[in-house]
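Enquirer: Okay, here's the prediction I keep looking at, along with the sequence it came from:
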Amino acid sequence: MTSNHIIVLDNRPQGEATTSNFKLITAETPELQDGQVLVRHHFLSLDPYMRGRMNESKSYAVPQPLGQVMIGGTVGEIVQSLNPKFKVGDQVVGMGGWQNYSVVDANIVGALRKVDTTNVPLSHYLGAVGMPGVTAWYGLVKIIAPKAGETVTVSAASGAVGSAYGALAKARGCRVVGIAGGKDKCDYVVNELGFDACVDYKEHQDAASLSKALKQACPNGIDGHFENVGGMVLDAVMLRANAFSRIAVCGMIAGYNGAPLPMSNPAFILMNRMKIEGFIVSEHMEVWPEALHELAEMIASGKLRPRESVAQGLAAAPEAFLGLLKGKNFGKQLVKLV
């Protein structure tokens, strides 16, 4: 048995989440049974969807149980194995949660996946070549389905999903415009990620002002949009959207603390014959191999250069997570555990 540090959800947020919602405990890992492996986590992924799981309200997934390890993607290495498919030293990605070690039944399909770090750093399997990257791929390819020359936009453009979306869209011949918070993030989106333009939403107090900036950046209007934020950002995009435009809705981080997010101009959905589709990427596992292959090739070739924000040590996870919800991270938010 191995001593393990674990962060559990201790109580549910009342409005805005705080560090007091979490609790750090120590426990022994259980003895391995046949078919199981012990994984030592190197990195933990922090993602906005976790905030929704903390609530007890109806959602697409069951709420995070109180007193149990917080859900979360992890990458690490096998340190003990009673499964012939995995050997000690194998590097793997899974859903090990907010803890240093996890015991996994490796016979369960999809519980663990071996990864190759020859050309792709291990941490990227939680970002650009992981769930966020596939999320970007699905929204762009399966919902927006852009033609070369069309203009597509994405909110939270400097993050793990947004950066992958930009690279994928540029590869398809689109004009790509990001929406991000702050000059540094916008400069990174244009100069490092290769977007055609980026609008700083922090410079605007309302949707009308933001929409004017989008008009400058998107002189031919918006044909496709990938939404991570909602609220004012979505309202501004709706004002610039073309007829028969498509919007892929992945997240609504502006409303994760329970505040309602009314839409200012829903009539545009009808007037522009718009397609608006929400999706959960874990419900579309059939596309993951194709998406991951393209994303890994982009990383290896340098066409996608994702940025990471890395907190040190498991105890830093709650603060880093709360910072993510407020946009304090720059790129994919990770916690380094070794």
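Expert: Perfect, thanks for sending it.
Enquirer: Neighbours of the spatially closest residue to A248 that is not a sequence neighbour, how many?
Expert: Excluding the flanking residues, the one nearest A248 by CB to CB, 6 or more residues apart in numbering is G139, at 3.4 Å. For glycine as for every other residue, the C-beta is placed from the backbone atoms N, C-alpha and C. Counted by other CB atoms under 10 Å, the residues lying close to G139 total 28.
Enquirer: can I assume G139 sits in a strand?
Expert: No. Counting by DSSP: H, G, I helix; E, B strand; the rest coil, G139 falls outside a strand, being helix.
Enquirer: just the helices in the protein please.
Expert: 49-54, 131-138, 160-171, 183-191, 207-217, 232-240, 267-271, 288-301, 317-325 (DSSP state H).
Enquirer: among these, which is nearest V199?
Expert: Of all the helices of the chain, helix 207-217 sits nearest to V199, with 4.7 Å by CB to CB.
Enquirer: Can I get the closest one in CSV, CA atoms only?
Expert: What follows is helix 207-217, C-alpha atoms only, in CSV (Å, rounded to 0.1, in the frame of the first residue of the first chain):
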residue,chain,number,x,y,z
ALA,A,207,-22.3,43.5,-26.0
ALA,A,208,-22.9,46.5,-28.3
SER,A,209,-19.3,47.7,-27.8
LEU,A,210,-17.8,44.3,-28.2
SER,A,211,-19.9,43.7,-31.3
LYS,A,212,-18.4,46.9,-32.9
ALA,A,213,-14.9,45.5,-32.3
LEU,A,214,-16.0,42.2,-33.8
LYS,A,215,-17.3,44.0,-36.9
GLN,A,216,-13.8,45.4,-37.4
ALA,A,217,-12.1,42.0,-36.9
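Enquirer: tell me the angle it makes with helix 232-240.
Expert: 60 degrees (axes from the mean of the first three to the mean of the last three CA atoms, to 10 degrees).
Enquirer: which strands and helices sit next to helix 207-217?
Expert: strand 175-180, strand 197-200, helix 232-240 (3 or more CB pairs under 8 Å, 6 or more residues apart in numbering; DSSP states H and E).
Enquirer: where does G327 land on pLDDT?
Expert: pLDDT, G327: 86.
Enquirer: Mean pLDDT per helix and strand in the chain: which one sits at the bottom?
Expert: Within the chain, judged by mean pLDDT, DSSP states H and E, the helix or strand with the poorest mean is helix 49-54; its value is a mean of 92.
Enquirer: pull the CA atoms of it into CSV?
Expert: Output in CSV follows, covering the C-alpha atoms of helix 49-54 (Å, rounded to 0.1, in the frame of the first residue of the first chain):
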residue,chain,number,x,y,z
TYR,A,49,-16.8,21.6,-16.4
MET,A,50,-15.7,20.7,-12.8
ARG,A,51,-17.5,23.7,-11.5
GLY,A,52,-20.8,22.4,-12.8
ARG,A,53,-20.2,19.0,-11.2
MET,A,54,-19.9,20.7,-7.8
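Enquirer: Not counting its own residues, what contacts that helix?
Expert: 9, 12-13, 17, 21, 59, 61, 63-64, 70-72, 251, 253, 256-257, 321, 325 (CB atoms under 8 Å, 6 or more residues apart in numbering).
Enquirer: Would you map out the domains in the protein?
Expert: 3-126+306-336, 131-282 (automatic domain parsing).
Enquirer: Check the ones you listed for me and report the most buried one.
Expert: domain 131-282 (a mean of 20; mean count of other CB atoms under 10 Å).
Enquirer: Show me how far that one is from its chain's centre.
Expert: Computed by CA atoms, centre = their mean, to the nearest Å, the chain-centroid distance of domain 131-282 equals 15 Å.
Enquirer: With adjacent residues omitted, what lies nearest to the most centrally placed residue in the chain?
Expert: The geometric centre of the chain, computed from its C-alpha atoms, lies nearest to P132 (CA atoms, centre = their mean), at 4.0 Å. Spatial nearest neighbour of P132, chain neighbours left out: A160 (3.7 Å); criterion: CB to CB, 6+ apart.
Enquirer: How confident is the prediction for G258, by pLDDT?
Expert: Each residue has a pLDDT score; the one for G258 is 68.
Enquirer: Quick check: closest non-adjacent residue to I6.
Expert: Nearest non-adjacent residue to I6, counting by CB to CB, 6+ apart: Q99, 4.2 Å away.
Enquirer: my read: the one you found touches T2, true?
Expert: No. Q99 is not in contact with T2 according to CB atoms under 8 Å; the separation is 10.9 Å.
Enquirer: Might one say that the residue nearest to P132 is in contact with V129?
Expert: No. Using CB under 8 Å, A160 is not in contact with V129, being 10.4 Å away.
Enquirer: where does the protein dip in pLDDT?
Expert: Judged by pLDDT under 70, the chain has its weakly predicted residues at 257-258.
Enquirer: 80 instead?
Expert: Counting by pLDDT under 80, the chain contains low-confidence ranges at 1, 57-61, 254-260.
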